[in-house]
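Peer 1: Model the structure of this input:
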Amino acid sequence: MKKLIYIVLFFALTAFAWHKFYVSVTEVEVKPHQLDIIMRVFPDDIANVLEDHYHIQADLSKKQTKIFLKDYLQAHFVITIDGQTIGYRFLGTTMEDNFLVILLQADLPTAAHQIKIKNTVLQDKFEAQKNIVHFIRKADKQSFILIKSDPIAVYKIK
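Peer 2: Here you go, the predicted structure:
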């Protein structure tokens, strides 16, 4: 079902040739001791931003480009738990349904109350970039649309 939603989203967003849409979708699965994060972006958009930032010929299948991607994400995708910025692990990338899928993972302290994500990925290159963030915890799902002027999503753990 998820795959169908992404396919429909992709075709809906690319159906109009005269206007390009800029969107990423990030799912944050909140587990008892960790966050599993799946970010989906259009590969040409992320390659363009990496080329601009690092003055490279971005080939997303190459190890060196993934190092630049990891560096870019650390500057533009920030996780804060209960007021403290935390690091996360870059697990890798894969291609799925014309999206670059970026896999991340972070530790979640047992007594955490609030997760804040600042996602400015691609917003430095594309003014119209929207970053959708879904927090999923058991049966609870909250979604946020982040724009350049408001790039922060706050999820309260109940």
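
Peer 1: so where's the protein uncertain?
Peer 2: Along the chain, the model assigns pLDDT under 70 to residues 1-19.

Peer 1: All the helices of it, in order from the start?
Peer 2: All helices of the chain, identified by DSSP state H, fall at 2-14, 43-54, 63-76.

Peer 1: tell me the centre residue of the protein?
Peer 2: The residue lying closest to the centre of the chain (Cα atoms, centre = their mean) is Met39, at 3.7 Å.

Peer 1: how close does that residue sit to His134?
Peer 2: Distance of Met39 to His134, computed by Cβ to Cβ, to the nearest Å: 11 Å. From N, CA and C alone the C-beta is placed, and that goes for glycine too.

Peer 1: any shared contact partners between these two?
Peer 2: 25-26 (Cβ atoms under 8 Å, 6 or more residues apart in numbering).

Peer 1: Just the strands from this structure, written as ranges.
Peer 2: 23-30, 34-41, 77-81, 84-86, 89-96, 99-107, 114-119, 130-137, 140-146, 152-156 (DSSP state E).

Peer 1: quick one, which of those strands is nearest to Ser61?
Peer 2: Proximity to Ser61 (Cβ to Cβ) singles out strand 89-96 among these, at 8.8 Å.

Peer 1: packing partners for that closest one?
Peer 2: helix 63-76, strand 99-107 (3 or more Cβ pairs under 8 Å, 6 or more residues apart in numbering; DSSP states H and E).

Peer 1: Export the first one to PDB, keeping only CA atoms.
Peer 2: Read that as helix 63-76. Output in PDB follows, covering the C-alpha atoms of helix 63-76 (Å, rounded to 0.1, in the frame of the first residue of the first chain):
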ATOM      1  CA  LYS A  63      31.200   6.200  -2.300                       C
ATOM      2  CA  GLN A  64      32.700   9.700  -2.500                       C
ATOM      3  CA  THR A  65      29.300  11.200  -3.400                       C
ATOM      4  CA  LYS A  66      27.700   9.400  -0.400                       C
ATOM      5  CA  ILE A  67      30.300  11.000   1.900                       C
ATOM      6  CA  PHE A  68      29.300  14.400   0.600                       C
ATOM      7  CA  LEU A  69      25.600  13.400   1.000                       C
ATOM      8  CA  LYS A  70      26.200  12.400   4.600                       C
ATOM      9  CA  ASP A  71      28.000  15.700   5.300                       C
ATOM     10  CA  TYR A  72      25.100  17.700   3.600                       C
ATOM     11  CA  LEU A  73      22.500  15.800   5.700                       C
ATOM     12  CA  GLN A  74      24.300  16.600   8.900                       C
ATOM     13  CA  ALA A  75      24.000  20.300   8.100                       C
ATOM     14  CA  HIS A  76      20.400  20.200   6.900                       C
END
